[in-house]
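Asks: could you work out the structure for the sequence below:
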Amino acid sequence: MQIKLAPSILAADVRSLGEQISQIEKAGADYVHIDVMDGVFVPNISFGIPIVEGLRSCTDMFFDVHLMIERPIDHVRDFVKAGADGITVHVETCGDDLYKTVIEILGNGAKPAVAIRPDTPVDLILPVLDQLSMVLIMTVYPGYGGQKIIKETYSKINKIRNIINDRGLDVDVEVDGGITLDNVCEVRDYGANVIVAGTSIFRGDIGTNVAAFRDVLR
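Replies: Modelled structure (predicted):
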């Protein structure tokens, strides 16, 4: 199982986003994780289409765009056009349109992923699991960076990984929220292989921090 590191620019310095993305790329990160918040589904507001579009000119790295917004199906095409390579939507915001939303992502040429909050059952993902490139288990409640990991989510990581393996699917399991050098091996051992880290990457020396994650995940 290939481990991929996806630094979250929610914790980056907005004054030098392009430069910091170059640093994580040079250090060997795999994805750029871009959190999009609408102030409705989550209480915060963050990056939008202009940021994705502007950063696309800075790098060829995989843009892992996490839509924490209501009615994501209405915005898929614009985010892909702006440069998103993968789009993650939430079960909680898609409702009856979950399958249609996943198909919309596929139809626009991006890799689809579905996320759940810590209190949402894994079973809600299963009807579309065969169509996905990735499942995101939120290990904190979405909306803010710098939170402490909720270890009760580990069982969800393990459950979805076992289901993926039992079905023989090639689907990544991503974790996002409170990931540090102290717990990253735990989430990996429960079945996660795409690691989102924000504060732990962008606080201090970026290159050193990426290297430290790489070292412990070997």
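Asks: how far out from the middle of the chain is the host helix or strand of residue 105?
Replies: Assessed by DSSP states H and E, residue 105 sits inside helix 98-107. Helix 98-107 sits 17 Å away from the centroid of its parent chain (C-alpha atoms, centre = their mean, to the nearest Å).
Asks: next one: stretch 55-68
Replies: For stretch 55-68, the distance to the chain centre is 11 Å (C-alpha atoms, centre = their mean).
Asks: please shift the residue numbers so they start at 78 in all later answers.
Replies: In the new numbering, first residue 78, that becomes stretch 132-145.
Asks: can you give me the strands for this protein?
Replies: 81-84, 108-114, 139-145, 163-167, 188-193, 211-215, 249-253, 271-274 (DSSP state E).
Asks: ok, and what's touching the first one?
Replies: To tie it back to what came earlier, the one meant is strand 81-84. If you take C-beta atoms under 8 Å, 6 or more residues apart in numbering as the criterion, strand 81-84 is touched by 101, 105-110, 141, 249, 251, 270-275, 278-279, 283, 287, 290-291, 294. To be clear about C-beta, it is placed using only N, CA and C from the backbone, and glycine gets the same treatment.
Asks: flag the shaky bits of this protein, pLDDT-wise.
Replies: 221-223 (pLDDT under 70).
Asks: just the helices in it please.
Replies: When secondary structure is read from DSSP state H, the chain shows helices at 94-104, 126-133, 153-159, 168-171, 175-184, 231-244, 261-267, 276-279, 283-293.
Asks: and among the ones you listed, the most buried is which?
Replies: helix 276-279 (a mean of 23; mean count of other C-beta atoms under 10 Å).
Asks: that older thread, could the helices of the chain go into JSON lines alongside distance to residue 84?
Replies: Formatted as JSON lines, the helices of the chain follow (distance: least, C-beta to C-beta, whole Å):
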{"stretch": "helix 94-104", "distance to residue 84": "5"}
{"stretch": "helix 126-133", "distance to residue 84": "13"}
{"stretch": "helix 153-159", "distance to residue 84": "19"}
{"stretch": "helix 168-171", "distance to residue 84": "24"}
{"stretch": "helix 175-184", "distance to residue 84": "22"}
{"stretch": "helix 231-244", "distance to residue 84": "20"}
{"stretch": "helix 261-267", "distance to residue 84": "13"}
{"stretch": "helix 276-279", "distance to residue 84": "4"}
{"stretch": "helix 283-293", "distance to residue 84": "7"}
